[in-house]
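[1] Just the structure for this:
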Amino acid sequence: QVQLVESGGGLVQDGGSLRLSCAASGLAFSTYTMGWFRQAPGKEREFLSAIRWGADNTYYADSVKGRFTISRDNAKNTVYLQMSSLKPEDTAVYYCAARYITAYALSNSNGYKYWGQGTQVTVSS
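    Coordinates of the predicted model:
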């Protein structure tokens, strides 16, 4: 059974930082491209970042480029999202996901097969 478990969310002030973790089990983690998404109330799920299996290629949405950094530790079956310079508009539930072989673009949530339960990030002004 595949499980993705996010952690590290919480309440932070405007301009602060957080590091999210996503621990994976039940899948050959090192072979999967991993992604981070978020969803704010009343909004669609938004792609944030993705990292290839070898961690040599990373991708970011324009909205977080330069502020967020994705990384992975295949020995620990964990992917991370380091978030800095957080803004109130970053408030959302953050999800990690594992992507399967697909023609969907990296930013398309339809291309991700497994999802975590999400972790809440709240940025206060």
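
[2] drop to CA atoms for contacts and neighbour counts, all remaining ones
    Noted.

[3] What strand or helix carries the spatially most central residue of the chain?
    Nearest to the geometric centre of the chain sits Trp36, at 2.0 Å (Cα atoms, centre = their mean). Counting by DSSP states H and E, the element that carries Trp36 is strand 33-39.

[4] can you check Leu48 too?
    Assigned by DSSP H and E, Leu48 falls in strand 46-51.

[5] Please export the C-alpha coordinates of that strand as PDB.
    Taking Å, rounded to 0.1, in the frame of the first residue of the first chain, the C-alpha atoms of strand 46-51 are listed here in PDB:
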ATOM      1  CA  GLU A  46      -1.900  24.600  -8.000                       C
ATOM      2  CA  PHE A  47       1.300  23.100  -9.100                       C
ATOM      3  CA  LEU A  48       4.300  24.400  -7.200                       C
ATOM      4  CA  SER A  49       7.400  22.300  -7.900                       C
ATOM      5  CA  ALA A  50       8.600  18.900  -9.100                       C
ATOM      6  CA  ILE A  51      11.900  17.000  -9.000                       C
END
